[in-house]
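**Student:** Kindly generate the corresponding structure for this input.
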Amino acid sequence: MKAEPQFAFLDEGSKKEIRRASLKAVAIPGYQVPFASREMPMARGWGTGGLQLTCSLVGKDDVLKVIDQGADESVNAVSIKKLVQATTGIPVTERTEEATLIQSRHRIPEVPLTKDQILVLQVPMPEPLRKYEKKESVTKRLHAESEYSGAWLMLFEQIMKYGRTTTGADHPVLVNGRYVMAPSPIPRFDNPKMDHSEALILLGAGREKKIYAVPPYTEIRSLAFEDHPFKGEDFSGKSCRFCGATGVFLDEFYIEETGMTEYQCNDTSHCADRLERQGEKEVQHATI
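**Tutor:** You can find the predicted model right below:
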């Protein structure tokens, strides 16, 4: 007799273990919870941590959205959507508002998330202290003692050398006034979106075997000095060349035909929604 395929690929025991780790992560915001990372039909480093969270949480009534660096149509995003849809039969969408479960690599959608949504972020390196401390046993002790002087010193050295902090992405944040956390390689522009977000944010690192979380309405503060406040990428005076959006994260391109630098929405579905409301046809975004 042929065995029935597992719903959402993972067996029920694996899902329960990952859910238990997720619940612990929600109970202790910013704390990295170890879990037994499973083998997935994709290479580690391509989102296996996020995919395991998605497969453990997804239900038959969910609607899935997957984005990779702002794009719904990238190879990574399309592959993950195909796997989840093939093993669950749930619908997928490109509209942020329609999704109940969103898996993302390197971006938080431009549309504000709601209490009925879960955002899963793929994480390559969950330990924010790893840049200056290689031993896991030491980083665990530093977190336990709230000893984050190394993280502050790293930012101070950047300011002394360059006049500003140079963390283009994955800028460390303080969660609920307790744990310093790596927000995943989202741009600095997206860090404030985590602060008091209505949605539950789960972060999964498959290769490093860690899960951590930002529960809804949790205080998130990007590490910064009083005389050098935190600043995200500045797109003042710039707008998307397609939909005209301002106040969003923009990609910069040099257009050879015109010899000019132009900008476009990094969040392609947000751009498409604006164009649809404006009665314009869909455009093909260039990628970087």
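**Student:** how's the protein carved up into domains?
**Tutor:** Here the domain assignment for the chain is 12-222, 234-288, based on automatic domain parsing.
**Student:** Is it possible to get CSV of these that adds mean pLDDT?
**Tutor:** Formatted as CSV, the domains of the chain follow (pLDDT from 0 to 100):
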stretch, mean pLDDT
domain 12-222, 96
domain 234-288, 88
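**Student:** which stretch among those comes nearest Q6?
**Tutor:** domain 12-222 (7.0 Å; CB to CB). Heads up, the C-betas are built off the backbone N, CA and C, glycines and all.
**Student:** Next, the distance between the ends of that closest one.
**Tutor:** End-to-end distance of domain 12-222 (CA to CA, to the nearest Å): 37 Å.
**Student:** Tell me where the stretch 1-150 of the chain has helices.
**Tutor:** Remark: helices assigned in the stretch 1-150 of the chain by DSSP state H, counting those that start in this stretch are 12-27, 48-57, 75-88, 136-144, 149-162.
**Student:** Could you pull out the buried residues of the first one?
**Tutor:** With burial defined by 16 or more other CB atoms under 10 Å, the residues of helix 12-27 counted as buried are 14-15, 17-18, 21-22, 24-26.
**Student:** if we can go back for a sec, include distance to P5 when you put the domains of the chain into CSV, please.
**Tutor:** Below are the domains of the chain laid out as CSV (distance: least, CB to CB, whole Å):
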stretch, distance to P5
domain 12-222, 7
domain 234-288, 30
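**Student:** that older thread, just name the most buried of the helices of the stretch 1-150 of the chain.
**Tutor:** helix 48-57 (a mean of 26; mean count of other CB atoms under 10 Å).
**Student:** Just name whatever secondary elements that helix is in contact with.
**Tutor:** Here helix 48-57 touches helix 12-27, helix 75-88, strand 101-105, strand 118-122, strand 200-205, strand 210-214, going by 3 or more CB pairs under 8 Å, 6 or more residues apart in numbering; DSSP states H and E.
**Student:** Reformat these as CSV; add distance to A224.
**Tutor:** Output for these, formatted as CSV (distance: least, CB to CB, whole Å):
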stretch, distance to A224
helix 12-27, 25
helix 75-88, 31
strand 101-105, 24
strand 118-122, 21
strand 200-205, 21
strand 210-214, 18
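**Student:** closest to R274 out of the ones you listed?
**Tutor:** Smallest distance to R274 across those (CB to CB): 18.8 Å, for strand 101-105.
**Student:** which neighbours does the closest one have in its sheet, and in what orientation?
**Tutor:** Using DSSP bridges, the strands paired with strand 101-105 are strand 64-68 (parallel), strand 118-122 (parallel).
**Student:** Now render the ones you listed as JSON lines, adding mean neighbour count and distance to S269.
**Tutor:** Below are those laid out as JSON lines (neighbours: other CB atoms under 10 Å; distance: least, CB to CB, whole Å):
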{"stretch": "strand 64-68", "mean neighbour count": "26", "distance to S269": "7"}
{"stretch": "strand 118-122", "mean neighbour count": "26", "distance to S269": "14"}
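**Student:** Quick one, which of the ones you listed gets closest to N266.
**Tutor:** Using CB to CB as the measure, strand 64-68 is the one of the strands paired with strand 101-105 that comes nearest N266, at 9.8 Å.
**Student:** Need the CA coordinates for the closest one. CSV is fine.
**Tutor:** Output of strand 64-68 as CSV, limited to C-alpha atoms (Å, rounded to 0.1, in the frame of the first residue of the first chain):
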residue,chain,number,x,y,z
LEU,A,64,1.4,31.9,1.2
LYS,A,65,3.6,34.7,-0.1
VAL,A,66,7.4,34.2,-0.7
ILE,A,67,9.8,37.0,-1.6
ASP,A,68,13.5,37.2,-2.2
